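In: Following is a predicted model, sequence given first.
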Amino acid sequence: MPEIRCITVLMGGPDAERPISIQSGAQVAAALRRLSGFAVTDHVVDRPDTVALAALLAEDGADVVYPILHGSWGEGGELQSSLDEIGIPYVGSGSEASALAMDKMATKSKAIAIGVRTPAACMVPRDGTIDLPLPFVLKPINEGSSVGVRMVTDLTELAPILDELRASHAGLMAESYVSGRELTVTVLEEETLPLVEIEVSSGFYDYEAKYIRNDTRYTVAPPLPDGIEARMAADSRKLFDALGCRDVARVDWLLDDSASEGPRAWMLEVNTIPGMTSHSLVPMAAAARGIDISELCRRLVESALARGTAPTE
C-alpha cells in the first residue's frame with residue numbers, strides 16, 4: 001500500500017489579513033484532499049508559540065506543514081522560525097527570506113542592488129516629513145493585500161492619514177506614485193508562469209478591489225509591448241533568487257507605457273505566501289499553464305517533503 005503522508009494546513013494568524021488567510025487555507029485544504037496519498041488536517045490558529053505549535057503538529061502526526069498565513073507573523077519569518085526549531089518541513093520560503101521579502105523597504109533595496117527598477121521610496125519619520133513629489137502612496141512596510149495603503153494627492157491630507165495608519169502600524173513607508181498597468185508574475189519553483197493583468201473599475205487595486213468587489217477584471221497573458229513580458233519574468237526570477245525565496249512567490253509590478261523612452265516596468269513588492277482564494281492570482285496563472293490548484297498544491301508539498309529540514313539559508 002502506498003505511504004500516506006500527513007499534511008497540516010495552517011491558516012488564520014493574528015494579522016489584518018486573517019480573513020483572507022482562512023479563505024486561502026480552506027481552498028488549499030480542499031485541493032489537497034482531492035489527491036490520493038495525503039491525509040490532510042487543517043487548523044485556524046492565532047499566534048501559537050513554538051511549544052504549542054509543536055504539540056499541535058505532533059497530535060496531527062504531521063509530516064509536512066503548508067502554512068497559508070498572510071501578514072507579518074505568518075509570512076514574515078516568525079512562524080517559519082518556529083517550524084525550523086521544531087524541525088518539520090514546510091512549504092514556502094525560509095525564515096530569513098520571508099522576513100526580507102515581508103519588509104517592503106528591504107525588498108526594494110535588494111531590487112535596486114541587482115538592477116531591478118522600483119519606485120523611489122522612503123521611511124516616514126516621526127515628524128511626517130516626506131521628501132517625495134506628490135502624489136505618493138503610504139504603505140505599512142510589513143502588510144500585504146493592500147492593507148493600510150493610502151494615496152496622498154494633497155499635503156493637507158497627510159496628517160490625518162498618518163494618524164489613522166500609525167494607530168495600527170508601527171512602520172510606514174512613502175512610495176512615489178506610478179500610473180500604469182497593474183501586472184503580476186508568479187515564480188513557481190524553476191519556472192515563471194504567465195503574467196496576469198489586473199484592471200479595477202475605479203481607484204487602485206486595494207483590499208476592497210481584491211476581495212470584496214466583483215468588478216475587478218483579470219487577464220492572463222495580456223498583450224504587452226515587445227520584450228516586456230520576458231524582462232519582467234527575468235527580473236522576477238532574479239529578485240526571487242536574490243531574496244533567497246523558494247517554492248513559490250508572486251512579484252507585483254506596474255507598467256508605465258507613457259514615457260517617451262518607451263515602456264518601463266516598476267517592481268512594487270514580493271509575496272512569499274500568495275493568496276489561494278477564488279480571486280487569487282497564482283492559481284489563475286497556474287491554470288493557464290495547465291496546472292490546477294490540486295496539482296499546484298501537490299507540487300509545493302512534494303518540494304517541501306523532498307527538501308526536508310536541511311538548512312537552505
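Out: Noted; the coordinates are in hand.
In: Mind telling me which residue is nearest the centre of this protein?
Out: Centroid-nearest residue in the chain, with Cα atoms, centre = their mean: residue 271, separated by 1.9 Å.
In: Tell me the predicted confidence for it.
Out: Looking at residue 271, its pLDDT stands at 96.
In: distance of it from residue 191?
Out: 17 Å (Cβ to Cβ, to the nearest Å). Where you see a C-beta, it was placed from the backbone N, CA and C, and this is true even at glycine.
In: looking at this structure, which helix or strand is least sure?
Out: helix 207-211 (a mean of 53; mean pLDDT, DSSP states H and E).
In: pLDDT (mean, whole number) over whichever helix or strand comes after that helix?
Out: Using DSSP states H and E, the next helix or strand after helix 207-211 towards the C-terminus is strand 217-220. Averaged across strand 217-220, pLDDT comes to 96.
In: For the following helix or strand past strand 217-220, buried residues please.
Out: Remark: after strand 217-220, the chain's next helix or strand is helix 228-243, criterion DSSP H and E. The neighbour-count check on helix 228-243 (16 or more other Cβ atoms under 10 Å) flags 228-229, 231-233, 235-240, 242-243 as buried.
In: so residue 4 touches residue 39, yeah?
Out: Yes. Using Cβ atoms under 8 Å, residue 4 is in contact with residue 39, at 5.3 Å.
In: if you count what's nearby, which of these two comes out ahead?
Out: Using other Cβ atoms under 10 Å, the more surrounded residue of residue 4 and residue 39 is residue 39, with 15 against 12.
In: what stretches of the protein score poorly on pLDDT?
Out: Applying pLDDT under 70 to the chain flags the ranges 1-2, 144-146, 202-214, 310-313.
In: ok now do the residue lying closest to residue 262 once chain neighbours are set aside, which residues does it touch?
Out: Nearest non-adjacent residue to residue 262, counting by Cβ to Cβ, 6 or more residues apart in numbering: residue 225, 7.5 Å away. Counting by Cβ atoms under 8 Å, 6 or more residues apart in numbering, residue 225 touches 257, 262, 263.
In: which among those residues end up buried?
Out: Counted by 16+ other Cβ under 10 Å, the contacts of residue 225 give residue 263 as buried.
In: Any chance of CSV for the contacts of residue 225, columns distance to residue 25 and secondary structure?
Out: Listed next are the contacts of residue 225 as CSV, based on distance: Cβ to Cβ, whole Å; DSSP: H, G, I helix; E, B strand; the rest coil:
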residue, distance to residue 25, secondary structure
257, 37, coil
262, 42, coil
263, 37, coil
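In: Nearest to residue 198, out of the contacts of residue 225: which one, please.
Out: Distances from residue 198 to the contacts of residue 225, taken as Cβ to Cβ, are shortest for residue 257 (15.6 Å).
In: isn't that closest one right up against residue 178?
Out: No. Using Cβ under 8 Å, residue 257 is not in contact with residue 178; the gap is 11.2 Å.
In: mind giving me JSON lines with the buried residues of helix 228-243 and columns for distance to residue 60?
Out: Formatted as JSON lines, these follow (distance: Cβ to Cβ, whole Å):
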{"residue": "228", "distance to residue 60": "45"}
{"residue": "229", "distance to residue 60": "42"}
{"residue": "231", "distance to residue 60": "44"}
{"residue": "232", "distance to residue 60": "39"}
{"residue": "233", "distance to residue 60": "37"}
{"residue": "235", "distance to residue 60": "39"}
{"residue": "236", "distance to residue 60": "34"}
{"residue": "237", "distance to residue 60": "34"}
{"residue": "238", "distance to residue 60": "37"}
{"residue": "239", "distance to residue 60": "34"}
{"residue": "240", "distance to residue 60": "30"}
{"residue": "242", "distance to residue 60": "35"}
{"residue": "243", "distance to residue 60": "30"}
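In: which residues of this structure fall in strands?
Out: Secondary structure of the chain by DSSP state E: the strands cover 5-12, 38-45, 64-67, 121-123, 136-140, 150-152, 172-176, 181-188, 191-192, 196-199, 217-220, 248-256, 264-271.
In: could those go into a markdown table alongside distance to residue 162?
Out: Putting the strands of the chain into a markdown table (distance: least, Cβ to Cβ, whole Å) gives the following:
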| stretch | distance to residue 162 |
| --- | --- |
| strand 5-12 | 29 |
| strand 38-45 | 32 |
| strand 64-67 | 32 |
| strand 121-123 | 13 |
| strand 136-140 | 7 |
| strand 150-152 | 9 |
| strand 172-176 | 7 |
| strand 181-188 | 25 |
| strand 191-192 | 37 |
| strand 196-199 | 27 |
| strand 217-220 | 33 |
| strand 248-256 | 24 |
| strand 264-271 | 21 |
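In: Good, we can wrap up now.
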